[in-house]
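> Curious how this folds, go ahead:
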Amino acid sequence: MKKILCLVSICFSIVVLFNSCSDFLNTELKGEYTSDNYYTTPQSATMAVTAVYNSLYGNTLWIFGDVASDDALKGGGPGDQADINAIDDFSANSDNGFISAFWKSSYETIARANNCITYIAPMSIDATLRDRLVGEAKFLRAYTYFNLVNIFGKVPLKLLPQLTYASIHVGLSETSAIYTQIEKDLTEAIPVLPASYATEAGRVTKGAAYAFLAKVALYQNEYTTCLTNIQLLEDLHQYDLVTNYANLFKAGAEDSVEFIFGIRYVNNATSSQGNNLNVWFAPATPPESGYFFNAPTQSYVDAFADDTTVNGTVDPRLDASIGRDGQPWFNNMTFSALWSPATGYLVKKYDVDTISGVTKDQSTMPYNAIRYADILLMKAEALNEQAGTDAIANAKTAVNRVRSRAHLVPTSATTQATLRTVIRNERRKELGFEFHRFFDLMRWGQATAEAALGSNFTWTEPRFYFPIPQSELDSNQAL
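Residues are numbered from 1 along each chain as shown. All right, here's what the predicted structure looks like:
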């Protein structure tokens, strides 16, 4: 009897033990989040979308937009960052570190946006907030795919959370399909995005979506669609040119009427959310202690030679954009051409005086991804390409607004061809070192690109694209 009781007791203990283990295994870990238990409150949804913005902080678009163009050379020390030099001379292959880093960073942004779009849409929270957050994520996904398609051409179009084999291993999509998705995301974002924010400035607005739809249309030579979206943007009455061009590259520029969308930074020494472009572009001389990359070319400087202001002085955009020998620099210094062994010039737009309390790479200087002057120049270009007397006259009005801010006389161009040259040169001068030039050259075609980029560049139909990184070729089994 005693043995039977012991056996029963042991069996009961085993049952209790297994039931306890079952309860333990079914208990959610404290402090751990999944897609099922994270997207539950307005605060968590907002933080998830904020994390999509945060993924934009490591901004290396300059390597493709500037260094690959005729506006800049790699700069830096002769043997420093050879992978950037390979992008500069178009010899980069699939194991290039900067190409791989840009790809990974872009798809991290896309993955975060995909999670937000998928999991926030069905949430039972305030509908206005919910829809706006989804719209922000769609805009950021579209912005990222726009950069990818213009650097690499065909890329995997990933639109779902990375949870299954099919959503992870995605083949290449045609560029037309990628542009269609970009347009879809931006179009769906517009109705749910506000024109402005009373608080939380820096989040995506309705105007930003219109601006990028116009840009997407221009890149596909869809001039009527471009102009339609520019008109819708202007109907918001939110944007204008600031009076002083140089103020666009000083503290607070992100709050100006010209700023439409860009990356804002925080100078918190522990956050790694500061703008480090000023370190990459600044001279090595103390107190700058920079790396002097992205060195402006003589070709860029020469673009200003054909125009002087109404007072006969040099276009003020030149010295607001770059450092030249003998001209004022930061920290009450005078720029020396010796600071830039590659060309004698350095980029000025992202530099600031020494930042108090944090390291120099924690600048709050924003990156202007698109601003109103860009819109005016896109408008001028689209009108001019449509041709016709009224279109050309209206194109001149738009480009002359940009020239007037720089104190230049109105253009005397009277034909489509001569005005095209003026508009393209204005884009170069106005938007220099805002990472647009290489992409402009590509969309303007083979003759323009080859004339600008020299003997190292070889046009390949339909246009030059950089190689897909080897890391993606190795890991994505659908390629």
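
> Tell me where the model's unsure across the stretch 151-300 of the chain.
Filtered on pLDDT under 70, the stretch 151-300 of the chain yields the residue ranges 268-272.

> That one: helices as residue ranges?
Secondary structure of the stretch 151-300 of the chain (DSSP state H, counting those that start in this stretch): helices located at 165-168, 175-189, 206-219, 223-234, 277-281, 298-302.

> As TSV, those with mean neighbour count and distance to residue 107 would be great.
Every C-beta, even on glycine, is put in place using the N, C-alpha and C of the backbone. Listed next are these as TSV, based on neighbours: other C-beta atoms under 10 Å; distance: least, C-beta to C-beta, whole Å:
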stretch	mean neighbour count	distance to residue 107
helix 165-168	12	11
helix 175-189	19	13
helix 206-219	24	19
helix 223-234	19	27
helix 277-281	24	22
helix 298-302	15	32
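
> Let's have those in JSON lines, adding distance to residue 324.
As requested, the helices of the stretch 151-300 of the chain are exported to JSON lines (distance: least, C-beta to C-beta, whole Å):
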{"stretch": "helix 165-168", "distance to residue 324": "50"}
{"stretch": "helix 175-189", "distance to residue 324": "38"}
{"stretch": "helix 206-219", "distance to residue 324": "31"}
{"stretch": "helix 223-234", "distance to residue 324": "34"}
{"stretch": "helix 277-281", "distance to residue 324": "14"}
{"stretch": "helix 298-302", "distance to residue 324": "8"}
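
> Nearest to the middle of this protein, which residue? Look it up for me.
Against the mean C-alpha coordinate of the chain, by C-alpha atoms, centre = their mean, the closest residue is residue 369 at 5.5 Å.

> How about the secondary structure of that one?
Put simply, residue 369 is strand when judged by DSSP: H, G, I helix; E, B strand; the rest coil.

> That one and residue 263 touch, don't they?
Yes - judged on C-beta atoms under 8 Å, residue 369 makes contact with residue 263 at a distance of 6.9 Å.

> Strands of the stretch 251-400 of the chain, start to end?
Counting by DSSP state E, counting those that start in this stretch, the stretch 251-400 of the chain has strands at residues 259-263, 293-296, 322-323, 346-347, 367-371.

> same question, the stretch 101-250 of the chain
Along the stretch 101-250 of the chain, counting by DSSP E, counting those that start in this stretch, strands occupy 155-156, 172-173.

> Take the ones you listed and write them to TSV, including distance to residue 51 and mean neighbour count.
Below are these laid out as TSV (distance: least, C-beta to C-beta, whole Å; neighbours: other C-beta atoms under 10 Å):
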stretch	distance to residue 51	mean neighbour count
strand 155-156	22	22
strand 172-173	25	18
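
> returning to what we had before: any idea what sits nearest the residue nearest to the centre of the chain, other than its immediate chain neighbours?
Once flanking residues are discounted, residue 369 sits nearest to residue 262: 4.5 Å by C-beta to C-beta, 6 or more residues apart in numbering.

> same question, residue 183
Using C-beta to C-beta, 6+ apart and skipping the chain neighbours, the partner closest in space to residue 183 is residue 216 (6.0 Å).

> who's in contact with the one you found?
Contact partners of residue 216, counting by C-beta atoms under 8 Å, 6 or more residues apart in numbering, are 146, 179, 182, 183, 186.

> buried ones in stretch 279-288?
By neighbour count on 16 or more other C-beta atoms under 10 Å, the buried set for stretch 279-288 is 279, 280, 281, 282, 283, 285, 288.

> Tell me the one among these nearest to residue 325.
Of all those, residue 325 sits closest to residue 283, with 12.0 Å by C-beta to C-beta.

> The closest one and residue 197: what is the separation?
Distance, residue 283 to residue 197, by C-beta to C-beta, to the nearest Å: 37 Å.

> Dump the buried residues of stretch 279-288 to CSV, plus distance to residue 420.
Compiled in CSV, the buried residues of stretch 279-288 are given as follows (distance: C-beta to C-beta, whole Å):
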residue, distance to residue 420
279, 38
280, 33
281, 31
282, 36
283, 37
285, 41
288, 39
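
> which one among those gets closest to residue 297?
Nearest to residue 297 out of the buried residues of stretch 279-288 is residue 281 (C-beta to C-beta; 14.2 Å).

> pretty sure the closest one contacts residue 292?
Yes - using C-beta under 8 Å, residue 281 is in contact with residue 292, at 7.2 Å.

> so what's in contact with those two at the same time?
Common contacts of residue 281 and residue 292, defined by C-beta under 8 Å, 6+ apart, comprise residue 346.
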